[in-house]
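Colleague: Provided below are the primary sequence and the corresponding predicted coordinates.
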Amino acid sequence: MSSDFDALQRALKTTLSARQAEARACEALLNALYHAFRNANGPGLPVNNVSLEHTEDPDNRLRPPPLGGWHAAWYRLGLLELYIRVRRGDGTFTGQYGPHGTFTLHDIAEDALTALARHILRDLTAEQEGKPLTRTDIN
C-alpha cells in the first residue's frame, strides 16, 4: 500500500523532466529579453547599462514550482530596476512586469522580443510620467 507521501514523491519524479524543460524555456526567454533590451535602440546601438539577475518568484509557494509556475528576473535598466516574471502554458509565454504590465508571447523570435522590449520601455516611460500601462500580445 502506498502512502500519500509516496504518491507526492512519484508525482514529483514523473513531472521532473517537464518541469526542468519549462524552467529552461522560461529562463531562456528571460535571457533573450535581456539581449532585446540591450539592442532596443537598434542595430549598432547597444545599451550598455542593462543587467539581469534571475531570482525566485515570491508568489511561488512550492519548490520546485509546479508546471505552469512563474520564473522571474530583475532587470536593471539604467536608473530603473524592473521585475519581470514569466510562465509557459499551451505553447505561449505569459508575463508580468512592473506594477501592472502584462504580455503574451506566441513566438520568441528576435523581432518579437525586440518589439516586446521596446513596448515595455515605452510603458515604463508612460508609467514614470503617470500614464497607464497596456497589455501586449506579440505575434
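Modeller: On my side now, so go ahead.
Colleague: what lines up beside the helix or strand harbouring R87 in the sheet?
Modeller: In this structure, R87 is located in strand 80-89 according to DSSP states H and E. Counting by DSSP bridges, the strands paired with strand 80-89 are strand 71-77 (antiparallel), strand 92-97 (antiparallel).
Colleague: so what does the longest helix anywhere in the chain touch, helix or strand wise?
Modeller: If you go by DSSP state H, the chain has its longest helix at helix 16-38. In terms of contacts (3 or more C-beta pairs under 8 Å, 6 or more residues apart in numbering; DSSP states H and E), helix 16-38 is packed against strand 50-55, strand 71-77, strand 80-89, strand 92-97, helix 110-128. (C-beta placed from N, C-alpha, C; glycine too.)
Colleague: where's the strand holding R87 relative to the chain centroid, distance-wise?
Modeller: Between the mean C-alpha point of strand 80-89 and the mean C-alpha point of its chain there is a distance of 4 Å (C-alpha atoms, centre = their mean, to the nearest Å).
Colleague: Okay, buried residues for that strand please.
Modeller: Taking 16 or more other C-beta atoms under 10 Å as the basis for neighbour counts, the residues of strand 80-89 that come out buried are L82, I84, R85, V86, R87, R88.
Colleague: likewise stretch 96-114?
Modeller: Counting neighbours by 16+ other C-beta under 10 Å, the buried set in stretch 96-114 is Q96, Y97, G101, F103, L105, I108, A112, L113, T114.
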